[in-house]
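Colleague: I'll drop the sequence and a predicted model, then ask my questions.
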Amino acid sequence: MSNEIVVVPDIGADEVEVIEICVAVGDQIEVEQSLVVLESDKASMEVPSPMAGKVVAITLKVGDNVSQGAAILELAVEGAVANSEPAAEAAAPVEEQSAPAPAPAPAAVEPAAAAESKVEQVTVPDLGGAKDVECIEVCVAVGQEITAEQSLIVLETDKASMEIPSPSAGTVVSIAIKTGDTVNVGDVVLELQVAGSPVSSAAPVETAAPVAAETALPSPPVADDKPTFEPETKVMPPSQPVEKHGDVYAGPAVRMLARDLGVDLTLVKGSGPRGRIAKEDLHEYVKARLAEPAQAAVSGSGIPAIPAVDFSKFGPVREEKLSKMGRVTAENMSRSWLNVPHVTQFDDADITELEDFRNSIKADAEKAGVKVTPLPFLLKACAAALKAHPKFNASLSADGQSIVYKDYVHIGIAVDTPAGLVVPVIRDVDQKSIYQLAAETAELGAKAKDRKLTAAEMQGGCFTISSLGNIGGTGFTPIVNAPEVAILGVSKLDVKPVWNGKEFIPRKMLPLSLSYDHRVINGADAGRFFTQLGAILADIRRLVL
Ligand code: CAO
């Protein structure tokens, strides 16, 4: 065991500020783990540890200005040759082992074409010895006007990322590098029509090869009429090991982690100096995103949550956990409510004759072993209306770009059970008799209450009926059971006075409410569907038409 001093490596700048200390005294750290983040006015970089060990002391603090050779921290290194010398004296050997941050280096701009051309090739500058460096971003496009020092590409090693700035202002003629390419010093990044010279009509150069002489541009006129044949060679500003790009300000390790996790860093709020994104910010962001579905059940994504209230302050309370079914129902309701733009229309159907007929067949139905409520007639009438108005028997595709019409008519019925609301589905309602529908409704209703419904029995619905008729109420706005596009709410039948042109007569009126997805169904569609449904219920002989 020996104590080693880790020092600031060659950072390509005289003095830089310490903006973050990434470790603490007592931490056991690994080789290449980031120790500190340094920042100049143009760039920031993480300084990785050259060795594994335990942090004994930290010499720097946030806000210090440091330069190459400054001690960062003291590390107790296991297995190293015992060193009786004071830690500070061990700085030099440690420095040699330190993994240097990519040293900024001037890059040359080579003439891209014959001497009279003003198209310049911008090449990759010295990357501090790094080889086969990946291009993680191309920041400009062909035809784009750029300014001197504007970032052209972002390169990234496993230790640092750096933006390559443009040496001159001009128009991008061609780009030789794409995201994912690996590059080395001297590789052509792009060709630039420098500002002030006419844009070439020559074909863009696809490779790193210099522009062929025949594609040379005419020289701009010069005072002494001598052509400008001297090749232009400019020194490009140093490459900058920076992590600030667009709105994203993050270190290479954070960028790499974000890529691994598939996180768009522009969405992450940085808590570091000047909004720099730290690993913790990324972790917090991922945690928050993972928690979203659970939150959506109660508050809806992106919608401010209802603040927690301590109800016990106002009186005695009891708390009961929601059943699984209750939680699923809450989630489904929120999802439908938030995704579907709802409209609800109301109408009363005159079912006086239907009720007379239903009462007239009661004895027969009993003999057949079924109890006929208004519900089977509602199912049958809805099936006929759904067939006549296919938009109601449809779903919006998941990408919202098309409507899927269904050639079957399966209708769900909302059933209230002690465990929560379930929606068993009656298949091919259009092909079944009133007695069959009555039997199936009763059977599914009983199964629902006994929690014996299978998943298959609750799938495939095209439309839903939610009947509160035996409970009460004059109307309600049901929530569409997405991805279905409409739902019928049925309230309690009542005898109401109806004007027949001469007098008010008592009629059995059934209050109906139709909620629909306004992305698929407009008010006129709903009006026509509702009118037809009412007409069928008013005279069920229409079912045989
Ligand atoms: N108005 C007045 N009375 C009605 C009626 C209406 N709209 N609908 C049904 N009734 C009557 C029936 O005729 C029956 O009366 P009788 O016993 O005198 O014949 C009585 O109410 C009970 O009917 P029911 O509930 O047993 O049968 P149903 O076919 O109407 O409904 C089922 C079956 C399974 C849907 C029902 O049992 C059920 O669970 N209903 C609750 C639905 C629900 O909770 N919806 C909530 C949705 S929240 O979005």
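Modeller: Structure's in. What do you need? Owing to the predicted nature of the structure, the values given are computational and were not obtained by experimental measurement.

Colleague: OK, contacts around the nearest residue to Ile21 once chain neighbours are set aside?
Modeller: Nearest residue to Ile21 in three dimensions, chain neighbours excluded: Val36, at 5.5 Å (CB to CB, 6 or more residues apart in numbering). All C-beta spots, glycine's among them, are computed from the backbone N, C-alpha and C. By CB atoms under 8 Å, 6 or more residues apart in numbering, the contact set of Val36 is Val18, Glu20, Ile21, Cys22, Glu46, Val47, Leu60, Ile72.

Colleague: With respect to Val183, which of those residues is nearest?
Modeller: Distance to Val183 across the contacts of Val36 (CB to CB) is lowest for Glu46, with 21.3 Å.

Colleague: and the residue nearest to Ile21, bridged to which residues?
Modeller: Beta-bridge pairing of Val36 under DSSP bridges involves Ile21, Val47.

Colleague: Just confirm Val18 is within a strand.
Modeller: Yes: membership of Val18 in a strand is supported by DSSP: H, G, I helix; E, B strand; the rest coil.

Colleague: ok, how many other residues are close to the residue of the stretch 201-350 of the chain found nearest the ligand?
Modeller: Closest to the ligand within the stretch 201-350 of the chain is Met333: 8.7 Å, counting by CB to the nearest ligand atom. Neighbourhood size, Met333 [other CB atoms under 10 Å]: 15.

Colleague: thought it was touching Ile479?
Modeller: Yes: if you go by CB atoms under 8 Å, Met333 and Ile479 touch, sitting 5.7 Å apart.

Colleague: How about the contacts made by the residue of the stretch 201-350 of the chain closest to the ligand?
Modeller: Counting by CB under 8 Å, 6+ apart, Met333 touches Ile479.

Colleague: For the host helix or strand of it, buried residues please.
Modeller: Element membership for Met333, per DSSP states H and E: helix 324-339. Buried residues in helix 324-339, defined by neighbour count with 16 or more other CB atoms under 10 Å: Thr329, Ala330, Asn332, Ser334, Arg335, Ser336.

Colleague: Give me the pLDDT value at the first one.
Modeller: Put plainly, it is Thr329. pLDDT, Thr329: 89.

Colleague: Let me see the contact set for it.
Modeller: The contact partners of Thr329, by CB under 8 Å, 6+ apart, come to Gly420, Leu421.

Colleague: and this structure, which residues reach the ligand?
Modeller: Within the chain, the positions adjacent to the ligand are 373-375, 413-416, 421, 441, 445, 466-470, 478, 490, 492-493, 510 by CB under 6 Å from any ligand atom.

Colleague: Separate out the buried members of those.
Modeller: For the residues of the chain next to the ligand, buried by 16+ other CB under 10 Å: 374-375, 413-415, 421, 441, 445, 466-469, 478, 490, 493, 510.

Colleague: Among these, which one sits closest to Pro252?
Modeller: Leu421 (51.3 Å).

Colleague: measure the closest one to Lys452 for me?
Modeller: With distances taken as CB to CB, to the nearest Å, Leu421 is found 16 Å from Lys452.

Colleague: and which of the buried ones among the residues of the chain next to the ligand is nearest the ligand?
Modeller: Lowest distance from the ligand to these (CB to the nearest ligand atom) belongs to Gly469, with 2.0 Å.

Colleague: tell me which element the closest one is part of?
Modeller: Gly469 belongs to no helix or strand, assigned by DSSP H and E.

Colleague: Correct me if wrong: it contacts Phe377.
Modeller: No: here Gly469 does not reach Phe377: they are 11.8 Å apart, not a contact under CB under 8 Å.

Colleague: quick one: contacts of stretch 432-451?
Modeller: For stretch 432-451, contacts defined as CB under 8 Å, 6+ apart pick out 365, 368-373, 375-377, 379-380, 413, 415, 417-419, 422, 424, 426, 429, 453, 457.

Colleague: how near is the residue of the chain most remote from its centre to Val56?
Modeller: The C-alpha centroid of the chain is most remote from Lys502, which lies 62.6 Å away (CA atoms, centre = their mean). Look at Lys502 and Val56: by CB to CB, they are 103 Å apart.

Colleague: okay, now Leu354: neighbour count?
Modeller: By other CB under 10 Å, 21 other residues sit near Leu354.

Colleague: what about it, which SS state?
Modeller: Per three-state DSSP, Leu354 ends up helix.

Colleague: wait, what's in contact with the closest residue to Ile351 other than its chain neighbours?
Modeller: Ranked by CB to CB, 6+ apart and with sequence neighbours excluded, the top spatial neighbour of Ile351 is Leu510, at 4.8 Å. Leu510 makes contact with Asp348, Ala349, Asp350, Ile351, Pro374, Gly469, Val490, Ser491, Leu493, Leu537 under the criterion CB under 8 Å, 6+ apart.

Colleague: got it, and Gly472?
Modeller: Going by CB under 8 Å, 6+ apart, Gly472 touches Ser491, Lys492.

Colleague: Make sure it is indeed in a helix.
Modeller: No: under three-state DSSP, Gly472 falls outside any helix and is assigned coil.

Colleague: Distance check, it against Ala442.
Modeller: 21 Å.

Colleague: ok, which stretches of this protein are helices?
Modeller: According to DSSP state H, the chain carries its helices in the segments 91-97, 252-261, 279-296, 324-339, 352-360, 362-367, 374-388, 434-449, 523-538.

Colleague: and Asn522, how many neighbours?
Modeller: 12.

Colleague: Let me fix that, I meant to ask about Ala419.
Modeller: By other CB under 10 Å, 14 other residues sit near Ala419.

Colleague: Now for it: which residues touch it?
Modeller: Taking CB under 8 Å, 6+ apart, we find Ala419 in contact with Ser323, Met325, Gly326, Arg451.

Colleague: just the residues you listed now: which is nearest Ala288?
Modeller: Nearest to Ala288 among those is Gly326, at 24.9 Å by CB to CB.

Colleague: And that closest one, how far from Leu421?
Modeller: 9 Å.

Colleague: So for stretch 47-66, what gets flagged as buried?
Modeller: Under 16+ other CB under 10 Å, the buried positions of stretch 47-66 are 47-51, 53-56, 58-60, 64, 66.

Colleague: Oh, that last question was meant for stretch 142-160, not what I typed.
Modeller: Neighbour-count burial for stretch 142-160, counted by 16+ other CB under 10 Å, picks out Ile146, Glu149, Gln150, Ser151, Leu152, Ile153, Val154, Leu155, Glu156, Thr157, Lys159, Ala160.

Colleague: which stretches of the stretch 301-450 of the chain have low pLDDT?
Modeller: Across the stretch 301-450 of the chain, the ranges flagged by pLDDT under 70 are 301-302.

Colleague: Correction: the previous question concerned the chain.
Modeller: Scanning the chain for pLDDT under 70 picks out 41-43, 80-117, 158-161, 195-247, 273, 292-302.

Colleague: the domain parsing of it - what is it?
Modeller: The chain breaks down into these domains under automatic domain parsing: 2-83, 117-195, 252-295, 326-544.

Colleague: Grab the longest strand from the protein for me.
Modeller: Within the chain, and with DSSP state E defining each element, the longest strand by residue count is strand 504-517.

Colleague: Pull out the CA atoms of that strand and give them to me as PDB.
Modeller: The C-alpha coordinates for strand 504-517 follow below in PDB (Å, rounded to 0.1, in the frame of the first residue of the first chain):
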ATOM      1  CA  PHE A 504     -99.400  15.600 -23.300                       C
ATOM      2  CA  ILE A 505     -99.400  11.800 -23.000                       C
ATOM      3  CA  PRO A 506     -97.500   9.600 -20.500                       C
ATOM      4  CA  ARG A 507     -94.600   7.800 -22.200                       C
ATOM      5  CA  LYS A 508     -91.800   5.600 -20.900                       C
ATOM      6  CA  MET A 509     -88.700   7.500 -21.700                       C
ATOM      7  CA  LEU A 510     -85.200   6.000 -21.400                       C
ATOM      8  CA  PRO A 511     -82.500   8.600 -20.800                       C
ATOM      9  CA  LEU A 512     -79.400   7.900 -23.000                       C
ATOM     10  CA  SER A 513     -76.000   9.500 -23.200                       C
ATOM     11  CA  LEU A 514     -73.600   8.800 -26.000                       C
ATOM     12  CA  SER A 515     -69.900   9.700 -25.400                       C
ATOM     13  CA  TYR A 516     -67.600   9.500 -28.400                       C
ATOM     14  CA  ASP A 517     -64.000  10.100 -29.500                       C
END
